[in-house]
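Chemist: starting from these lines, generate the structure:
(chains A and B)
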Amino acid sequence: MNLEWMAWTPVTAGFFITIISIIVAMTVWEVLSPSDFRRGLLPISTTRGDRLFIGILINAYITIGWIGLTEWNLLFALPVYICVIASALRFG
Amino acid sequence: MEKWQDNRAWFLVLPVFVIVAFSAIIPLLTVINYSVQDIFGPGQRVFVGAEWFKEVLGDKRLHAALWRQFLFSGLVLLIEIPLGIIIALTMPKKGWGASASLVTLALPLLIPWNVIGTIWIIFTRPDIGLFGATINKLGMSFDHTASSLDAWVTLMLMEVWHWTPLVALLAYAGLRAIPEAYYQAAKVDGASSWSVFRHIQLPKMRGVLTIAVLLRFMDSFLIYAEPFVLTGGGPGNSTTFLSIYLVKIAVGQFDLGPAAAFSLIYFLIILLFSWLFYQALQNAGKGEG
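Modeler: I've put the predicted structure just below:
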């Protein structure tokens, strides 16, 4: 199958593999230990999947801010991303 | 006793997932791939990292188009949602009047979007258009090709005329689904019309209004065909919305990398606001007794 038209790069492939791995891992976790609605720091009741979505969305906006407002390398944002996802899942 | 759940029903979702994968997910993956590369042609590309995002985020014309877009979508929601509810409340409940209202309301929704623009160009022309010529005859100068304010007024009128019926039809469906017993109970309690609306009709319409707000926000935020046909983004750039500007970059200048980066930021804005609206409407009134 020729995927040349999709213009893949190792960086974007790695990005998607990470996202898909997270979704698969969350699905397995959900099947093994189903989550219920819970209210944490956020003003809404959320499931584990909701909190993951919120974490990823916040990270997307952090990326936009990081690129738009700073000159720093995006790799330095990686620990921030992990902290945001972990905090959203744990405390959200 | 624990209720047994058959999760095999999820397999029924598979065809939809396959269709969505081909129509949305694969194109989205391609856009993300394009956004980090300089595309010269088939097979000719260079990885540039986040450069296009930096360029797009610093683009003053994009900032202006974004604020214009927020203003447009905000006005659309502020006008169309209350107006749609009012129309639905005043529509006949049964008989030939109900059928006639529904058909009349649905008419603007059946017209192709680019035709809508053409209709309104003619309707608002200052020389021969019924609306434009009448306004000018009344002594007020009106020309949507020359004045930014007139262009916005025309666009808003067109948008409200085109899409308020959708909100009204959804609200009407929500109203018709309320059991008569609720109204009888309210009557026994001596509730006023406002109380009936505030405590029965509005909460019962929450589901359809969520759909209406989401549809109208997403659609107005993505609007392209009608303003493109009506004003072409002018006069000047006064009605250049995000999609019109995006098409200029992608098709006019063939800058696929910046256009892809722009599309992703555009997508994230819509995703965030749709989610916020959804949460706000789903949680509205939950604390009430």
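
Chemist: mind checking how far whatever residue of chain A ends up closest to chain B is from B:Phe267?
Modeler: Distance from chain B to each residue of chain A (CB to the nearest CB) is smallest for A:Gly68, at 3.7 Å. The C-beta positions use only the backbone N, C-alpha and C, and glycine is treated the same way. With distances defined as CB to CB, to the nearest Å, the gap from A:Gly68 to B:Phe267 amounts to 16 Å.

Chemist: likewise B:Thr90?
Modeler: Taking CB to CB as the criterion, B:Thr90 is separated from B:Phe267 by 38 Å.

Chemist: then B:Val46?
Modeler: Relative to B:Phe267, and taking CB to CB, B:Val46 is found at 24 Å.

Chemist: go on, A:Trp72?
Modeler: Separation of A:Trp72 from B:Phe267 (CB to CB) stands at 24 Å.

Chemist: residue 76: neighbouring residues, count only.
Modeler: Since no chain was named, I'll use chain A. Counted with other CB atoms under 10 Å in any protein chain shown, residues neighbouring A:Phe76 total 10.

Chemist: look at chain B instead
Modeler: Neighbours of B:Val76 using other CB under 10 Å come to 22.

Chemist: ok, now B:Asp255?
Modeler: A count of nearby residues for B:Asp255, using other CB under 10 Å, gives 19.

Chemist: circling back to that earlier point, B:Thr90 and B:Phe267: which is more packed in?
Modeler: Comparing B:Thr90 with B:Phe267 by other CB under 10 Å, the one with more neighbours is B:Phe267, at 14 against 9.

Chemist: okay, and the more buried one sits in which element?
Modeler: Secondary-structure assignment from DSSP states H and E places B:Phe267 in helix B:256-283.

Chemist: and that helix, how far out from the chain's middle?
Modeler: For helix B:256-283, the separation from the chain centroid amounts to 13 Å (computed by CA atoms, centre = their mean, to the nearest Å).

Chemist: hmm, it touching chain A?
Modeler: Yes - using CB under 8 Å from any CB of the partner chain, helix B:256-283 comes into contact with chain A via B:265, B:268, B:271-272, B:275, B:279, B:283.

Chemist: any idea of the pLDDT on residue 62?
Modeler: No chain in the question, so chain A it is. pLDDT, A:Ile62: 96.

Chemist: um, chain B though
Modeler: For B:Leu62, the pLDDT comes out at 89.

Chemist: isn't it up against B:Tyr245?
Modeler: Yes - counting by CB atoms under 8 Å, B:Leu62 touches B:Tyr245, with 6.4 Å between them.

Chemist: anything in contact with each of these two?
Modeler: In the contact map built from CB atoms under 8 Å, 6 or more residues apart in numbering or on different chains, the residues linked to both B:Leu62 and B:Tyr245 are B:Phe262.

Chemist: give me the nearest residue to the residue nearest the centre of chain A, chain neighbours excluded.
Modeler: Among the residues of chain A, the one closest to the centroid is A:Ile56, at 3.2 Å (CA atoms, centre = their mean). Nearest in space to A:Ile56, with sequence neighbours left out and distances taken as CB to CB, 6 or more residues apart in numbering or on different chains, is A:Ile85 at 7.2 Å.

Chemist: please, which helix or strand holds that neighbour?
Modeler: Per DSSP H and E: helix A:78-91 holds A:Ile85.

Chemist: packing partners for that helix?
Modeler: helix A:48-69 (3 or more CB pairs under 8 Å, 6 or more residues apart in numbering or on different chains; DSSP states H and E).

Chemist: the one helix or strand B:Ser220 maps to close to chain A?
Modeler: B:Ser220 is part of helix B:206-221, with elements assigned from DSSP H and E. No - Helix B:206-221 is not in contact with chain A by CB under 8 Å from any CB; minimum separation 14.4 Å.

Chemist: next, the buried residues of the next helix or strand after that helix.
Modeler: Taking DSSP H and E as the definition, the helix or strand that follows helix B:206-221 towards the C-terminus is helix B:225-230. Applying a neighbour-count criterion of 16 or more other CB atoms under 10 Å in any protein chain shown, one finds B:226-230 buried in helix B:225-230.

Chemist: does anything pack onto helix B:225-230? Which helices or strands?
Modeler: helix B:113-123, helix B:148-176, helix B:242-247.

Chemist: nearest to chain A, of these?
Modeler: Once the helices and strands packed on helix B:225-230 are compared by CB to the nearest CB, helix B:242-247 is nearest, at 14.9 Å.

Chemist: so which residues make contact with the closest one?
Modeler: With CB under 8 Å, 6+ apart, helix B:242-247 has contacts from B:61-62, B:65-66, B:69, B:221-224, B:227-228, B:233, B:259, B:262-263, B:266.

Chemist: okay, now the unreliable bits of chain A?
Modeler: Judged by pLDDT under 70, chain A has its weakly predicted residues at A:1.
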